[in-house]
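Engineer: next input, structure requested:
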Amino acid sequence: MASFQLSGQNNDSLSYEDSRKEPLDSSQLHSVSRATWLSTLLPGAGQAYNGKYWKMPIIYGGIGACAYFAIDNHRLYRQYLDAFLIRADSSGVDQYQGIYSDRQLVELQNIYRDWRDLSLIIGAAIWALNVVDAHVDAHLFYYNVNEDLSFNLEPRIIPMGNFSAVGIGLKINLDP
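Structural biologist: Next up is the predicted model:
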């Protein structure tokens, strides 16, 4: 019979309250709702409020790329749609005469409309992830996240009622 034990810190180690870097007074409190609303209204503003400036170019790059592809795909969609409408109207010769058939023009319209819509959906997802990231970072603003973490596996004797079992204990030390 194998047994595993997961144990946290000892009672004499750092407590939850001690691991937080609290502000000196209530006027210095970091607001979770402010970070969330800032990021909702202006992408990257919540990250700036949280002090995570390095995330802003990633957000703007992602949203900018999606906007570029949405505009470009919409331009091509309109171009093929206009060519098809000129053919359907029999009012003149379009620029794709002899290159694409009517069916191919419709297919190209569908392709570029789908790609435009996909670009808009991905851009909205990046915007939403930006808001979620700012919200989570604001919640974790006061938590001590240092590099001094340890992980130890050691054999243990685990009492189980009237008898004991031998197992492996996992000890995670989160002391600063």
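Engineer: buried stuff in the top helix by length along the chain?
Structural biologist: Ranked by residue count under DSSP state H, the longest helix found in the chain is helix 102-139. Within helix 102-139, the residues that qualify as buried are 105, 108-109, 112-113, 115-116, 119-120, 122-123, 126-127, 130-131, 133-135, 137-138, counting by 16 or more other Cβ atoms under 10 Å. Any C-beta I mention is one placed from the backbone N, CA and C, and that applies to glycine too.
Engineer: same thing with stretch 85-97?
Structural biologist: 86, 87, 94, 96.
Engineer: quick check: closest non-adjacent residue to the last one.
Structural biologist: So that's residue 96. The shortest distance from residue 96 to any non-neighbouring residue, by Cβ to Cβ, 6 or more residues apart in numbering, is to residue 83 (5.0 Å).
Engineer: just to be sure, the one you found is in a helix?
Structural biologist: Yes. Under DSSP: H, G, I helix; E, B strand; the rest coil, residue 83 falls within a helix.
Engineer: surely it and residue 102 touch.
Structural biologist: No. Contact criterion Cβ atoms under 8 Å: residue 83 and residue 102 do not qualify, at 9.6 Å.
Engineer: look up how far residue 62 lies from the residue nearest in space to the middle of the chain.
Structural biologist: What sits nearest the mean C-alpha location of the chain, by Cα atoms, centre = their mean, is residue 129, with 3.8 Å. With the distance defined as Cβ to Cβ, to the nearest Å, residue 129 ends up 9 Å from residue 62.
Engineer: find the residues that touch each one of those two.
Structural biologist: Shared contacts of residue 129 and residue 62 (Cβ atoms under 8 Å, 6 or more residues apart in numbering): none.
Engineer: doesn't residue 167 lie inside a strand?
Structural biologist: Yes. Counting by three-state DSSP, residue 167 falls inside a strand.
Engineer: for it, give the beta-bridge partners.
Structural biologist: residue 156 (DSSP bridges).
Engineer: pretty sure it contacts residue 159?
Structural biologist: No. Using Cβ under 8 Å, residue 167 is not in contact with residue 159, being 11.0 Å away.
Engineer: more neighbours: the two, which one.
Structural biologist: Taking neighbours as other Cβ atoms under 10 Å, residue 167 and residue 159 compare with residue 167 leading, 16 against 8.
Engineer: confidence score at that one?
Structural biologist: At residue 167, the model reports a pLDDT of 81.
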